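> no sequence on this one, just coordinates:
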C-alpha cells in the first residue's frame, strides 16, 4: 500500500488527527511519508492547514502538500465557486498523489468532510480520485450515536463504486465513553462490513508533538503500522 485515502463519515470526526497518527506510526517504523490535502477550506492564506498540522504532530520528515485553498468553511466545490477560484478535478488529485508515491513509501490523501463531498462542477468526489489511484480508503468515524448509520452508508458507497474499504478508525474515543460508544465498538464492523483498525483518544491533537508521536502506534492496528488490538480494546471497554 503506497497510497491510502483517508475519508470521514462527515466533518469534525478527527480525520486530520488520525492522518497524523498514521503518519507518525509509519515514520516510527522507518517509512517515508507524504500527506496530501487536495482542498483546504475555511483557512486564511497565512494560516497553517491540515497538512501542516500533520507535519507538526508527526514530525518534520513528513512531506506536506496542499493543492488548493478556499477561505470559507464549505464543501470544496461551493467554496471555490464563491471565491471565484478554480475547482479541483480527481485527475489532478490522483496525479499529485502518484508523483508523491514515486519518492515516498506512503502517501496519505486526506479528504474534506465525507466521501461524496463535491470537489468540482461535474460533481466529482474523493471517491473518484481513489478510483483513479486504485487506492484503499480508510474511514474515520465518530464514536457515539449515529455513527453506525453514517459509517455503514460510507461503506456501502465504497462497495457501490467497487472501491476497497481498508477499515474504520474511531477518530475521537471519549475518556468516559457512554453505552452507545461502547456498543458501537462491536457493532461498527458488523454493520459496515469493515474491520475496526484503531481508536484515537479524544484530545490527542492537543498533545505535545513528542508525546503524540510516541503514543500514536498504540492507537492503530498493525495494518496501519501500529500495535493496537481490537480484541484487547473491546475487552477494556465492554458494553
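Yep, it's here. Since this is a predicted model, take the numbers as computed values, not measurements. Numbering: from 1, shown residues only.
> Name the residues that touch the helix or strand in which residue 187 is found?
Residue 187 is part of helix 179-192, with elements assigned from DSSP states H and E. The contact list for helix 179-192 (CB atoms under 8 Å, 6 or more residues apart in numbering) reads 139, 141, 143-145, 147-148, 151-152, 154-155, 165, 168, 170, 173-174, 194-196, 199, 230, 233-234, 237-239. The C-beta positions use only the backbone N, C-alpha and C, and glycine is treated the same way.
> And that helix, what's buried?
181-185, 187-189, 191-192 (16 or more other CB atoms under 10 Å).
> quick one: the helices in the chain?
15-28, 50-58, 76-83, 90-101, 126-133, 147-160, 179-192, 209-215, 230-236 (DSSP state H).
> So for residue 64, which of the ones you listed sits nearest?
Checking these against residue 64 by CB to CB gives helix 50-58 as the closest, at 3.7 Å.
> and the closest one with helix 15-28, angle?
Here helix 50-58 runs at an angle of 50 degrees relative to helix 15-28 (axes from the mean of the first three to the mean of the last three CA atoms, to 10 degrees).
> picking that back up, can you select the buried ones among the contacts of helix 179-192 for me in PyMOL?
Typed into PyMOL, the line below selects the buried ones among the contacts of helix 179-192, using 16+ other CB under 10 Å:
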select buried, resi 139+141+143+144+147+148+151+152+154+155+165+168+170+173+174+194+196+199+230+233+237
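> Torsion angles phi and psi at the residue located most distally from the centre of the chain?
Farthest-out residue of the chain from its mean C-alpha position, per CA atoms, centre = their mean: residue 84, at 27.5 Å. Residue 84 adopts backbone torsions of phi 70, psi 30, taken as degrees, to the nearest 10.
> Report pLDDT for it.
According to the predicted model, the pLDDT of residue 84 comes to 96.
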